[in-house]
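Chemist: quick one: sequence and predicted model below, then my questions.
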Amino acid sequence: MLILPALLLIVVAGASAYAVVVVAEWWQRLAVVGIALLVVVTGCLVPFLAWLTRRTTITTRRIILRRGVFVRVRQELLHARGYDVMVRRTWAQRAFGSGDVRIDTGHEHPVVLHDVPNPNLVQSALHELMEHEHGRIADQRRAEPSIADGDTYVWGAR
């Protein structure tokens, strides 16, 4: 995720150093430095901050997604609700052993975990957690007392 911003930083540093030496006027040097700083801030610093503030936590009951620099957004996906998990890997991601894990919750926009290391392991772990959570809920429902236990009145029963 940070490969392109790092390459951009190297290219901008080299090009701006060359341009400062080649240009004769002081205002042109100042313009080169200003443009270089603008490109570095928008192309390197902003993606780095976006990467730094994104957190994904997978627990036994839910997935917690946190992101945002100025506005913090927290999203929770419960394993008990069930969802579809899909892995998408480009050729570059396969070369580095990463991939995108797409979690389709049935809402308008699916949740995508970008550049996850070993995405097939994450996918199988999420499937196991969903199966475990569904089994736990089924066990709880079987252990609940029945409606005809004497303390509960069922409305509408005949």
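Modeler: Structure received. Predicted model, so just to flag it, every value in this text is computed and none were measured.
Chemist: rest of the way, CA atoms for contacts and neighbours
Modeler: Noted.
Chemist: leaving out sequence neighbours, find the closest residue to Arg62.
Modeler: Leu78 (4.3 Å; Cα to Cα, 6 or more residues apart in numbering).
Chemist: how near is the one you found to Thr90?
Modeler: 28 Å (Cα to Cα, to the nearest Å).
Chemist: same check, this time on Arg66
Modeler: 25 Å.
Chemist: what about those two, which has more around it?
Modeler: Neighbour count, other Cα atoms under 10 Å: between Arg66 and Thr90, Arg66 has more, with 14 against 10.
Chemist: show me what the most centrally placed residue in the chain is bridged to.
Modeler: Nearest to the geometric centre of the chain sits Leu113, at 3.7 Å (Cα atoms, centre = their mean). Applying DSSP bridges to Leu113 gives these bridge partners: Val101.
Chemist: my guess is it contacts Asp104. True?
Modeler: No. Assessed by Cα atoms under 8 Å, Leu113 is found out of contact with Asp104, at 11.3 Å.
Chemist: where do the strands of this structure begin and end?
Modeler: Using DSSP state E, the strands of the chain run over 55-58, 62-67, 73-78, 84-88, 98-104, 111-117.
Chemist: tell me which other helices or strands the shortest one touches.
Modeler: So the one you mean is strand 55-58. strand 62-67 (3 or more Cα pairs under 8 Å, 6 or more residues apart in numbering; DSSP states H and E).
Chemist: quick check: buried residues in the strand it packs on?
Modeler: 62, 65, 67 (16 or more other Cα atoms under 10 Å).
Chemist: ok, so of those, who is nearest Met1?
Modeler: Closest approach between the buried residues of strand 62-67 and Met1, by Cα to Cα: Arg67, at 15.3 Å.
Chemist: contact partners for the closest one?
Modeler: Arg67 makes contact with 50, 53-55, 73-74 under the criterion Cα atoms under 8 Å, 6 or more residues apart in numbering.
Chemist: could you export stretch 68-87 as PDB, CA atoms only?
Modeler: The C-alpha trace of stretch 68-87 is given here as PDB (Å, rounded to 0.1, in the frame of the first residue of the first chain):
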ATOM      1  CA  GLY A  68     -10.100   8.100  10.000                       C
ATOM      2  CA  VAL A  69      -7.700  11.000  10.700                       C
ATOM      3  CA  PHE A  70     -10.000  13.800  11.800                       C
ATOM      4  CA  VAL A  71     -13.300  11.900  11.900                       C
ATOM      5  CA  ARG A  72     -13.000   8.500  13.500                       C
ATOM      6  CA  VAL A  73     -15.300   5.800  12.100                       C
ATOM      7  CA  ARG A  74     -15.800   2.500  13.900                       C
ATOM      8  CA  GLN A  75     -17.700  -0.400  12.300                       C
ATOM      9  CA  GLU A  76     -18.500  -3.800  13.800                       C
ATOM     10  CA  LEU A  77     -19.500  -6.900  11.900                       C
ATOM     11  CA  LEU A  78     -20.900  -9.700  14.000                       C
ATOM     12  CA  HIS A  79     -20.000 -13.300  13.000                       C
ATOM     13  CA  ALA A  80     -23.400 -14.400  14.100                       C
ATOM     14  CA  ARG A  81     -25.100 -12.400  11.300                       C
ATOM     15  CA  GLY A  82     -23.100 -14.300   8.600                       C
ATOM     16  CA  TYR A  83     -21.600 -12.900   5.500                       C
ATOM     17  CA  ASP A  84     -19.800 -13.900   2.400                       C
ATOM     18  CA  VAL A  85     -16.000 -13.700   2.300                       C
ATOM     19  CA  MET A  86     -14.100 -13.400  -1.000                       C
ATOM     20  CA  VAL A  87     -10.400 -13.100  -1.700                       C
END
